[in-house]
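task: produce atomic coordinates for the following.
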Amino acid sequence: MSVFLILVIALVLMLLNMPIAFAIAISSTVYYIFEGKSLLIIPQAMTGAIDSFPLLAIPLFMLVGLVMNMSGVTKRIFNFASSLVGHLPGGLGHVNVVASIIFAGMSGSATADAAGLGTIEIEAMKKEGFDGEFSAAVTAASSTIGPIIPPSMPMIIYGTILGVSVGRLFLGGFIPGLLMGLSLMILIYFMSLKRKYPVHDKSTIKEIVKYFFQAIFPLMTPVILIGGIVFGIFTPTEAAGVAAIYAIFLGVVIYRELKLKHIFDTCVEVALTTGTTLLILATAFLFVWIITINHVPETILNFIQSMNLNKIVFLLIINLFLLFVGALTTVAPAVILFGPILSPVILGMGIDPVHFGVIFVLNLMIGLLTPPVGPVLFIMSNITELPFERIAKACFPFIIPLVIVLLLITYVPAFVLWLPNLLMGV
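Okay, here's the model as predicted:
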């Protein structure tokens, strides 16, 4: 039975709104039955897929993001960002982006950023006269920075599945994340001048220092995380555990806004979300096993080499393909399904796996802003009570600077590789 047919079945089931995990599991099981394979492979592959120490970082970073939201940390970050850039044309639009850059160093999740900071940001922007569509679009676009600047849950999954250093992936995403923020702020600047959006008075040094010290403890989170990983104090998974303990300490002891009931409710939410993610991971490995035994990556590599494509054209084709994938599915299954297919191909083309990992994740982040799936668009629709279609239309201009950054890091690998090579060696 054709592997391509199995993939088509899975995609059709997803488009029919079947849960992703079940769509992948059903299509893979059909293959095993038609090929006469033992069905014992299914539980073995699924349990083996999630029996991984690095994957423990996923629920721990989820816990960090949720605890930070419940501890009043997001408000402090927002105020500090406002004191820095609130005076620029577009005021709170720039604050939105800077706050997302800061929060990205804690949660590693676009949806956590959109749901946590998003509520505060959109409410503040609408009070100051920004229209709902613009507020939602800025918030949605800035939330995509979350999984690029470390920590990053998609990069954890990518590194775990493909055997790539998660620490190097984290460092590789730092400069691209800053470029994303800068590109969005440039667009916001010109759109705000044209629409005459309000600005804040420029903060004094005293006010900036005041808000900095109010936010200093959460600002230390990414310093602890990245510093510990770079200097070999702990692994990314251990860093996630340290960050979770630190976040709870801030909420309970320092800010005293986090109660025992909050911690319990947060842990339940993390468990439910993690269960969904791990089920997707487990079922996706059924498909990975199929493409492996059928030598799909080798076949694709031989085909590409026979076409004599140069690296520039090849990377352009891959980017277009991943943008298409990102529009049709969510991040975790896309990494699991297509990572093992593309990894041997990019290695055969002489592309660094850390470089490609950041390209891969950024493509999927742009996909969060594009219909028909667009999870961040649905979150914005729920927060603003605006139709999905209007938010998707408002997001379109913000996709353009993100695509420009994508092309920049694709064809200038130093934007990704310079920092990990500097701090962790070539």
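
report the contact partners of the most centrally placed residue in the chain.
Closest residue to the average C-alpha location of the chain: P147 at 2.9 Å, with C-alpha atoms, centre = their mean. Going by C-beta atoms under 8 Å, 6 or more residues apart in numbering, P147 touches A104, G108, S109, A110, M153, P154, M155, G173, V331, V361, M365. C-betas here are computed from N, CA, C, even on glycine.

three-state assignment of it?
Counting by DSSP: H, G, I helix; E, B strand; the rest coil, the backbone at P147 sits in coil.

ok, it to A104 distance?
With the distance defined as C-beta to C-beta, to the nearest Å, P147 ends up 8 Å from A104.

same thing with A327?
Taking C-beta to C-beta, one finds A327 at 22 Å from A104.

among the two, which residue is more densely surrounded?
Counted by other C-beta atoms under 10 Å, A327 and A104 do not tie: A104 has more neighbours, with 32 against 18.

what's the helix or strand for the closest residue in space to M70 that isn't next to it in sequence?
Computed as C-beta to C-beta, 6 or more residues apart in numbering, the closest residue to M70 that is not its neighbour in sequence is H262, at 5.2 Å. Assessed by DSSP states H and E, H262 sits inside helix 260-293.

please compute how far that helix lies from its chain's middle.
16 Å (C-alpha atoms, centre = their mean, to the nearest Å).

how far away from the center of its chain is whatever helix or strand I399 lives in?
In the assignment (DSSP H and E), I399 maps to helix 388-411. For helix 388-411, the separation from the chain centroid amounts to 15 Å (computed by C-alpha atoms, centre = their mean).

any regions of the protein where pLDDT drops low?
Along the chain, the parts satisfying pLDDT under 70 run over 1.

how far away is the residue in it sticking out farthest from the centre from S28?
Within the chain, G36 marks the point farthest from the mean C-alpha position, 38.4 Å out by C-alpha atoms, centre = their mean. For G36, the distance to S28 equals 15 Å [C-beta to C-beta].

ok, now G48?
G48 is 14 Å from S28, by C-beta to C-beta.

ok, the two, which is more surrounded?
The neighbour comparison of G48 against S28 (other C-beta under 10 Å) goes to S28, with 25 against 12.

so where does the more buried one fall, helix or strand?
With DSSP H and E as criterion, S28 is part of helix 20-34.

please apply the same query to M191.
helix 174-195.

who's in contact with that helix?
With C-beta under 8 Å, 6+ apart as the test, helix 174-195 has contacts from 85, 88-91, 93-94, 97-98, 100-101, 104, 134, 138, 141-142, 144-145, 148-150, 197, 226, 358, 362, 397-398, 400-402, 404-405, 408-409, 415-416, 418-419.

list only buried entries from these.
Burial by neighbour count, judged by 16 or more other C-beta atoms under 10 Å, picks out 85, 88-91, 93-94, 97-98, 100-101, 104, 134, 138, 141-142, 144-145, 148-150, 197, 226, 358, 362, 398, 401-402, 405, 409, 415-416, 419 from those.
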